[in-house]
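Asker: I'd like to go over a predicted model; first the sequence, then the structure.
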Amino acid sequence: MINESSVALVRRLARVMLATVIAFILMVCIFAVSAFAGEAGHYNVVINDNGYEYTIATKETEPIEILNEANITLGSSDKLNIASFNSGIGGTIYISRLNKIYIKFNNTVKSYDVYAKTVGVALDEAGVYKDGLMVNYDDDTPIQNGMVITVDSPKIITINADGKTYKMGAVNSTVADLISEAGITLEDLDYTKPALDTRVKDGMEINVYRVEIKIDTKKERVAHKTNIIEDNKLDKGKVKIETRGVDGERSVTYRTTYINGVQSEKTEVASTITKEPVTEVKRVGTKTVVISGNGVDRYNGITVGSTINGSYTYYCACSICCGKNNGITASGKKISNGMENPYVIACNWLPLGSMIEVNGVTYTVADHGGSDLSRTGRIDIFTPEGHNAAKKNGRGSASVKILRLGW
């Protein structure tokens, strides 16, 4: 027979134990929820610092803030690559450090600034080809700032080709061997100094010369010749063009050699006249000029037979030069472009009809001009060949000999 009071006690104990278990479970759930809530908003980011990787859990979204949180500082020349990073999601931030390293070539030390992460890549950046050389680090050794990389070789060779410089190590090689190892291809006309079959020596410099030959055909002017005929019927110093000279033209072919882009030789290989030049026939007067006297030996301090240092310009009969189109000079003599040369000048310091000699040619004062022509020795020479000829003839110094004063 079961005692009812005992049963009631058991039931009470069971209820207490159940309540205790439920309370414990609730406490565990509350703790888990609190812990999860604390982690909410964090995500993982991998930082690759010149080959060394770190993982950081962060709430930051900006790469610089993430680096600051990781106590990582960037130098002024360091590079940041965030192409593989997604803000708020994760990924990798890559840092490329600019490091100064030292490479020792057979007791010669040179410094290099590199972004390379490993020794092998750094040597490639520095143009050091390792075939046959002994290096004090493995290729995959991480680069550290200030690292000294020693490259041992009995011979260090420099190759200059196509604007680049290669540093090569060699043990028992020819120039041809090193050219091939550097990946340099020579065309048929290319050559090297020293020659390809030369055994290399320590410190040797090899230069590659690229040779290019071009064949060009172009048109060129053929200057006309001038045939001068002395004419005793023409006053001395005067010139008459009997046949106007005309330049010809030819088609000429050149063979031009370029070495490393610079012209070294140019040879004419063919020529054909496409337009024959016309020889100019020029009559030069030899007849002695007789100056008839007029009894005037002196004018404003200027005497017949004296020589004055002056200057000359040229003018024609156009309105630009003369300010009018009728060609009537102050002396009444009419001038025009295209006429036979009358050998006249304009000046204000000699009376009309005066005759002078300039460079062996006799001229007559037939016209006046602007105020500039009032200066003693200043003359303006008429040319019937037109305005372009007047401009082309230009100006210069003149020695003016006085032959006659007035008519």
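Answerer: That came through fine.
Asker: need the contact partners of stretch 356-370.
Answerer: If you take Cβ atoms under 8 Å, 6 or more residues apart in numbering as the criterion, stretch 356-370 is touched by 235-238, 289, 312, 315, 329-331, 333, 335, 342-348, 350-355, 379-382, 398-403. (Glycine included, C-beta is placed from N, CA and C.)
Asker: can you turn the buried part of the residues you listed into a ChimeraX selection?
Answerer: Selecting only the buried entries of the contacts of stretch 356-370 in ChimeraX, with 16 or more other Cβ atoms under 10 Å as the criterion:
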select :236,237,238,312,315,329,331,335,343,344,345,346,347,348,350,351,352,354,355,379,380,381,382,398,400,401,402,403
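Asker: among the contacts of stretch 356-370, which ones are in strands?
Answerer: Members of the contacts of stretch 356-370 lying in strands (criterion: DSSP state E): 235, 312, 315, 344-346, 355, 379-382, 398-403.
Asker: ok, residue 377 - contacts?
Answerer: Residue 377 neighbours (Cβ under 8 Å, 6+ apart): 308-311, 349, 398, 400.
Asker: among these, who's most crowded?
Answerer: When neighbours are counted by other Cβ atoms under 10 Å, residue 400 leads those with 26 neighbours.
Asker: how much space separates residue 72 from residue 55?
Answerer: Noted for residue 72: a distance of 13 Å to residue 55, by Cβ to Cβ, to the nearest Å.
Asker: any regions of the protein where pLDDT drops low?
Answerer: Scanning the chain for pLDDT under 70 picks out the ranges 1-40, 106, 130-132, 153-154, 171-172.
Asker: in it, which strand is the longest?
Answerer: Among the segments of the chain that qualify as a strand by DSSP E, the longest is strand 262-275.
Asker: and the contacts of the following helix or strand past it?
Answerer: Sequence-wise, the next helix or strand downstream of strand 262-275 (DSSP states H and E) is strand 280-287. Strand 280-287 has contacts (Cβ under 8 Å, 6+ apart) with 224-245.
Asker: in strands, which of the residues you listed appear?
Answerer: Members of the contacts of strand 280-287 lying in strands (criterion: DSSP E): 226-235, 239-243.
Asker: sorry, back to before: now for residue 72 and residue 55: what residues contact both?
Answerer: Looking at what touches both residue 72 and residue 55 (by Cβ under 8 Å, 6+ apart), the common residues are residue 47.
Asker: comparing these two, which shows the higher neighbour count?
Answerer: residue 72 (15 against 11).
Asker: ok, the more buried one - contacts?
Answerer: Shown in contact with residue 72 (Cβ under 8 Å, 6+ apart): 47, 49, 54, 95.
Asker: what does residue 148 give?
Answerer: By Cβ under 8 Å, 6+ apart, the residues touching residue 148 are 101-104, 109.
Asker: now, of those, which are buried?
Answerer: Neighbour-count burial (16+ other Cβ under 10 Å) applied to the contacts of residue 148 gives 101, 103.
Asker: the contacts of residue 148 in strands, which ones?
Answerer: 101-104, 109.
Asker: still on that earlier bit, need the contacts of residue 148 in JSON lines (columns: distance to residue 123).
Answerer: Below are the contacts of residue 148 laid out as JSON lines (distance: Cβ to Cβ, whole Å):
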{"residue": "101", "distance to residue 123": "9"}
{"residue": "102", "distance to residue 123": "12"}
{"residue": "103", "distance to residue 123": "7"}
{"residue": "104", "distance to residue 123": "12"}
{"residue": "109", "distance to residue 123": "15"}
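Asker: whichever of the ones in strands among the contacts of strand 280-287 end up buried, select them in ChimeraX.
Answerer: Entered in ChimeraX, the line below selects the buried ones among the ones in strands among the contacts of strand 280-287, by 16+ other Cβ under 10 Å:
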select :231,234
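Asker: which residues in this protein form helices?
Answerer: Here the chain has its helices, by DSSP state H, at 4-39, 63-69, 119-125, 175-181, 319-322, 387-393.
Asker: mind checking how far the third one is from the chain centre?
Answerer: The gap between where helix 119-125 is centred and where its chain is centred comes out at 32 Å by Cα atoms, centre = their mean, to the nearest Å.
Asker: same question, the fifth one
Answerer: In terms of Cα atoms, centre = their mean, the gap separating the centre of helix 319-322 from the centre of its chain is 45 Å.
Asker: put the alpha carbons of it into CSV.
Answerer: Only the C-alpha atoms of helix 319-322 are listed here, as CSV (Å, rounded to 0.1, in the frame of the first residue of the first chain):
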residue,chain,number,x,y,z
SER,A,319,50.5,101.6,-106.5
ILE,A,320,51.9,100.1,-103.4
CYS,A,321,55.4,101.3,-104.2
CYS,A,322,54.4,104.6,-106.0
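Asker: just the buried positions in it, please.
Answerer: For helix 319-322, burial by neighbour count (16+ other Cβ under 10 Å) applies to 321-322.
Asker: and that helix, what does it pack onto?
Answerer: Counting contacts by 3 or more Cβ pairs under 8 Å, 6 or more residues apart in numbering; DSSP states H and E, helix 319-322 is packed against helix 387-393.
Asker: ok, now the third one?
Answerer: Applying 3+ Cβ pairs under 8 Å, 6+ apart, one finds that helix 119-125 makes contact with strand 108-114, strand 148-152.
Asker: now do that helix: everything it contacts.
Answerer: With contacts defined as Cβ under 8 Å, 6+ apart, helix 119-125 is touched by 101, 103, 112, 114-116, 130, 135, 137-141, 143, 147, 149, 151.
Asker: ditto for the fifth one
Answerer: Where contact means Cβ under 8 Å, 6+ apart, the residues beyond helix 319-322 that reach it are 315, 325, 387, 390.
Asker: hmm, the last one is touching residue 315, no?
Answerer: Yes: using Cβ atoms under 8 Å, residue 390 and residue 315 qualify as a contacting pair, with a distance of 5.5 Å.
Asker: and for those two, which residues touch both?
Answerer: Joint contacts of residue 390 and residue 315 (Cβ under 8 Å, 6+ apart) are 321, 383.
Asker: picking that back up, filter the contacts of helix 119-125 to the buried ones?
Answerer: Buried members of the contacts of helix 119-125, scored by 16+ other Cβ under 10 Å, are 101, 103, 112, 114-116, 130, 135, 137, 141, 143, 147, 149, 151.
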